[in-house]
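A.B. asks: sequence? don't have it. structure:
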């Protein structure tokens, strides 16, 4: 996924692609692109909860810790508020790696009728 994301976006930062370069960095090994990891939130919203037809309105992100290549992350979505008249949900979004929050944020989504 990391190599494909680099190809698609043009973000060829050696921290993501070059093991020797990354070994000399503060991370000690290759890390995944933060935006690649954050984009997994979109998969959850558009497929799992609330599901097909969901439209992203906004998303804030804070990158708290790196995610290393080949790590497995979990996504947590929590409904904080809703506006049924405008078909909106306001969410807390969290990406976790080994039980620690690595990306936190908030999202607003539109729910189709």
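C.D. replies: Cool, the structure landed. Since we're looking at a predicted model, the values are computed, not measured.
A.B. asks: Report pLDDT for the residue most central in space within the chain.
C.D. replies: In the chain, the residue lying closest to the centroid (Cα atoms, centre = their mean) is residue 38, at 1.3 Å. With respect to pLDDT, residue 38 scores 97.
A.B. asks: Wait, a strand at it?
C.D. replies: No: under DSSP: H, G, I helix; E, B strand; the rest coil, residue 38 sits outside any strand and is assigned helix.
A.B. asks: Cross-check the contact I'm expecting between it and residue 103.
C.D. replies: Yes: using Cβ atoms under 8 Å, residue 38 makes contact with residue 103 at a distance of 5.5 Å. C-beta: built from backbone N, CA, C; applies to glycine.
A.B. asks: got the residue ranges for the helices in this protein?
C.D. replies: Ranges of helices within the chain are 2-9, 14-17, 19-23, 34-43, based on DSSP state H.
A.B. asks: Distance to residue 91 for those - can I get that in a markdown table?
C.D. replies: As requested, the helices of the chain are exported to a markdown table (distance: least, Cβ to Cβ, whole Å):
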| stretch | distance to residue 91 |
| --- | --- |
| helix 2-9 | 24 |
| helix 14-17 | 28 |
| helix 19-23 | 33 |
| helix 34-43 | 9 |
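A.B. asks: Can you tell me what sits against stretch 6-26?
C.D. replies: Applying Cβ atoms under 8 Å, 6 or more residues apart in numbering, the external contacts of stretch 6-26 come out as 2-3, 5, 27-33, 35, 69.
A.B. asks: Tell me how far the residue of the chain most remote from its centre lies from residue 78.
C.D. replies: Distance from the centre of the chain peaks at residue 85, with 28.2 Å (Cα atoms, centre = their mean). Relative to residue 78, residue 85 is positioned 22 Å away (criterion: Cβ to Cβ, to the nearest Å).
A.B. asks: Strands of this structure, start to end?
C.D. replies: 55-63, 73-83, 88-97, 100-110 (DSSP state E).
A.B. asks: What average pLDDT does the third one get?
C.D. replies: Summarised as a single mean, pLDDT over strand 88-97 is 98.
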